[in-house]
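K.L.:
Okay, sequence plus prediction incoming.
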Amino acid sequence: MKDLVIIGYGAAGFASLIEANELGIKPILIGYGPIGGTCVNVGCVPSKRLLHLGEKGGDFFSSFEDTRQFVRKARKEKYEDVLSYYDVELIEGKAHFISPHEVKVGDKVIEGKKFIIATGSSPFIPEIPGLKDLGYWTNVEALNPDRKISSLVIIGGRAEALEFSQMYRNFGVEVAILQRSKTLIPDWEPEISLEIQRVLEEEGIYVITDVKVKEVKKGESGKLVITNRGDIEADEILMATGRKPNVDLNLSSAGVELNEKGGIKVNDELQTTNPNIYAAGDVIGDKMLEALAGYEGTIAVRNAIKGEHKKIDFLSVPQVIFTRPNLARVGLNSFDGDFDSRTVKMKDIVKAQIIDAEDGLIKMVVEKGSKRIMGVHVMAENAAEFIGEAALAIKHRMTIDDIIDTVHVFPTVAESLRIVALAFYKDVEKLSCCV
């Protein structure tokens, strides 16, 4: 019987493997599909590379070929080569449980004392009449197009839809976003939702909200999307309608239950309903973020092997949408409780003026009385690079005074964090640069 069996070799699986070795354990690592999982192959890495190349004015075909080469390099250096640094037994194939302490991969049965399930997620595709027959793209096909297209309809209006809309628009493609809710990214602060819509529309991206897709048909020269607000035709349809946890593991045989989101049910220590099985990453069905998946993999191993009862402070987990300008947030929204908040426009931040990046804003949400920072929401150039400071402030339950009393570099966009904290006391439009 093996001490630890890890199912999945993406971000969470590799983090689990590395931590297991730190604890003196040689695990079995079971993987299915391209090593590295979604992020390095068809997620974070290629999408951000393509956004970068598009912003530089790259050619359509050469940019996608460059990205494929970049992905191969990253996969080799960060996953394939990494295996050689650690003591691990790799088994490739699809695993399923046959008992609470056994999995089967092909003809091989593996018995384990403890398990980490880290099988990730896949695109969720809603039922739309005609869609399957006519065909569509997911993130996989959109990152590896088989032809150059001139127009694209994106169904969905959250992170994936926003990033791919700018990506393809940068390559000269006509893009339309169809979002069923009344705003894009509806769970974000409304100011940011409206501001990013304005920016996208100024770039020539058509944004239609509060729309219901009724049917997909063959059009005169492309694919025709029928909605309650009219029809729209494009060369291709990208389904950016969310992701579903990969839970096809015969979990009932292991005594592992699912949660209301269709992911694996875990407690706050990442333990499933089988006390010897833990889960980490997208398969839980909560926030699907690469960095969080890796951290959960580490925590799951420490709890499973050492019984450390570690918990994750989800309040301080940051999220970024890599549009330009970036959208970044951490903590709670202003509408999540009886909070106080202040907003500062990027046009009032000197560095944003210097680099002609005045679109956007920063909003800080604080607890009344204590002045503790409960949320920070940013739309700004390079917001991804400084949202970590806000995450640290929330993790340590800092107040606006802690931020104000910390000297920030001038001129930087990151200085906006201190400026918005000052806004609780002063009219920041009347301050000099040095305050």
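P.N.:
Sure, I can see it.
K.L.:
Show me this protein divided up by domain.
P.N.:
Taking automatic domain parsing as the criterion, the chain consists of the domains 2-123+243-312, 131-239, 316-430.
K.L.:
okay, those in JSON lines with mean neighbour count and mean pLDDT next?
P.N.:
C-beta coordinates here come from the backbone N, C-alpha and C atoms, glycine included. Below are the domains of the chain laid out as JSON lines (neighbours: other CB atoms under 10 Å; pLDDT from 0 to 100):
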{"stretch": "domain 2-123+243-312", "mean neighbour count": "19", "mean pLDDT": "98"}
{"stretch": "domain 131-239", "mean neighbour count": "18", "mean pLDDT": "98"}
{"stretch": "domain 316-430", "mean neighbour count": "19", "mean pLDDT": "97"}
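K.L.:
Helices along this protein, start to end?
P.N.:
With helices called from DSSP state H, the chain shows them at 11-22, 37-42, 44-55, 60-75, 81-83, 131-134, 139-142, 159-170, 190-202, 290-301, 350-354, 387-395, 400-404, 416-422.
K.L.:
I'd like those written out as JSON lines, with distance to Gln271 added.
P.N.:
Compiled in JSON lines, the helices of the chain are given as follows (distance: least, CB to CB, whole Å):
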{"stretch": "helix 11-22", "distance to Gln271": "14"}
{"stretch": "helix 37-42", "distance to Gln271": "22"}
{"stretch": "helix 44-55", "distance to Gln271": "27"}
{"stretch": "helix 60-75", "distance to Gln271": "31"}
{"stretch": "helix 81-83", "distance to Gln271": "27"}
{"stretch": "helix 131-134", "distance to Gln271": "38"}
{"stretch": "helix 139-142", "distance to Gln271": "31"}
{"stretch": "helix 159-170", "distance to Gln271": "29"}
{"stretch": "helix 190-202", "distance to Gln271": "35"}
{"stretch": "helix 290-301", "distance to Gln271": "8"}
{"stretch": "helix 350-354", "distance to Gln271": "45"}
{"stretch": "helix 387-395", "distance to Gln271": "23"}
{"stretch": "helix 400-404", "distance to Gln271": "34"}
{"stretch": "helix 416-422", "distance to Gln271": "36"}
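K.L.:
biggest strand in the protein, by residue count?
P.N.:
Of all segments of type strand in the chain, defined using DSSP state E, the longest is strand 108-117.
K.L.:
how big is the angle separating that strand from helix 290-301?
P.N.:
Here strand 108-117 runs at an angle of 110 degrees relative to helix 290-301 (axes from the mean of the first three to the mean of the last three CA atoms, to 10 degrees).
K.L.:
Adjacent strands (with direction) for strand 108-117?
P.N.:
Strand pairing for strand 108-117, determined by DSSP bridges: strand 2-7 (parallel), strand 102-105 (antiparallel), strand 277-279 (parallel).
K.L.:
looking at those, which is closest to Leu83?
P.N.:
Distances from Leu83 to each of the strands paired with strand 108-117 were compared using CB to CB; the shortest belongs to strand 2-7, at 12.2 Å.
K.L.:
Tell me what angle the closest one forms with helix 11-22.
P.N.:
For strand 2-7 against helix 11-22, the angle between stretch directions is 160 degrees (the same axes, to 10 degrees).
K.L.:
roughly how far apart are the residue sitting nearest the centre point of the chain and Ala159?
P.N.:
When the chain is reduced to its mean C-alpha position, the nearest residue by CA atoms, centre = their mean turns out to be Leu289, at 4.1 Å. Here the criterion is CB to CB, to the nearest Å. By it, Leu289 lies 10 Å from Ala159.
K.L.:
what's the longest strand of the chain in contact with?
P.N.:
1-8, 12-13, 16, 28, 30, 91, 93, 95, 98, 101-104, 249, 254, 256, 264, 272, 276-280, 283, 297, 300-301, 304-305 (CB atoms under 8 Å, 6 or more residues apart in numbering).
K.L.:
What segments of the stretch 251-400 of the chain are strands?
P.N.:
Taking DSSP state E, counting those that start in this stretch to define them, one finds strands in the stretch 251-400 of the chain at 277-279, 319-321, 326-331, 339-345, 361-367, 373-380.
K.L.:
and the ones you listed as CSV, adding distance to Ser181?
P.N.:
Supplementary listing: the strands of the stretch 251-400 of the chain in CSV, determined by distance: least, CB to CB, whole Å:
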stretch, distance to Ser181
strand 277-279, 29
strand 319-321, 16
strand 326-331, 16
strand 339-345, 22
strand 361-367, 20
strand 373-380, 18
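K.L.:
Please identify which of these is closest to Glu236.
P.N.:
Go through those one by one with CB to CB and the one that ends up closest to Glu236 is strand 319-321, at 22.0 Å.
K.L.:
Name the strands paired with that closest one and say parallel or antiparallel.
P.N.:
Each strand pairing with strand 319-321, determined using DSSP bridges, is listed with its direction: strand 326-331 (antiparallel).
K.L.:
Show me how far the partner strand is from its chain's centre.
P.N.:
The chain centroid and the centroid of strand 326-331 are separated by 11 Å under CA atoms, centre = their mean, to the nearest Å.
K.L.:
Stretch 335-343 too?
P.N.:
On CA atoms, centre = their mean, the centre of stretch 335-343 falls 24 Å from that of its chain.
K.L.:
Also stretch 177-184?
P.N.:
Computed by CA atoms, centre = their mean, the separation of stretch 177-184 from the middle of its chain amounts to 19 Å.
K.L.:
Between its first and last residues, how far does it reach?
P.N.:
Using CA to CA, to the nearest Å, the gap from the first to the last residue of stretch 177-184 comes to 9 Å.
K.L.:
Same check on stretch 202-212?
P.N.:
Taking CA to CA, the first and last residues of stretch 202-212 lie 24 Å apart.
K.L.:
outside of it, which residues touch it?
P.N.:
Counting by CB under 8 Å, 6+ apart, the neighbours of stretch 202-212 from elsewhere in the structure are 157, 165-166, 169, 174-184, 197, 200-201, 227-229, 232.
K.L.:
Just the CA coordinates for the longest strand of the chain, please, in PDB.
P.N.:
The C-alpha coordinates for strand 108-117 follow below in PDB (Å, rounded to 0.1, in the frame of the first residue of the first chain):
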ATOM      1  CA  LYS A 108      -3.200  -1.700 -12.800                       C
ATOM      2  CA  VAL A 109      -4.700  -1.400  -9.400                       C
ATOM      3  CA  ILE A 110      -3.100   1.100  -6.900                       C
ATOM      4  CA  GLU A 111      -3.800   0.900  -3.200                       C
ATOM      5  CA  GLY A 112      -3.100   3.900  -1.100                       C
ATOM      6  CA  LYS A 113      -3.300   5.100   2.500                       C
ATOM      7  CA  LYS A 114      -4.000   8.700   1.400                       C
ATOM      8  CA  PHE A 115      -5.200  10.200  -1.800                       C
ATOM      9  CA  ILE A 116      -5.100  13.800  -3.300                       C
ATOM     10  CA  ILE A 117      -7.600  14.300  -6.100                       C
END
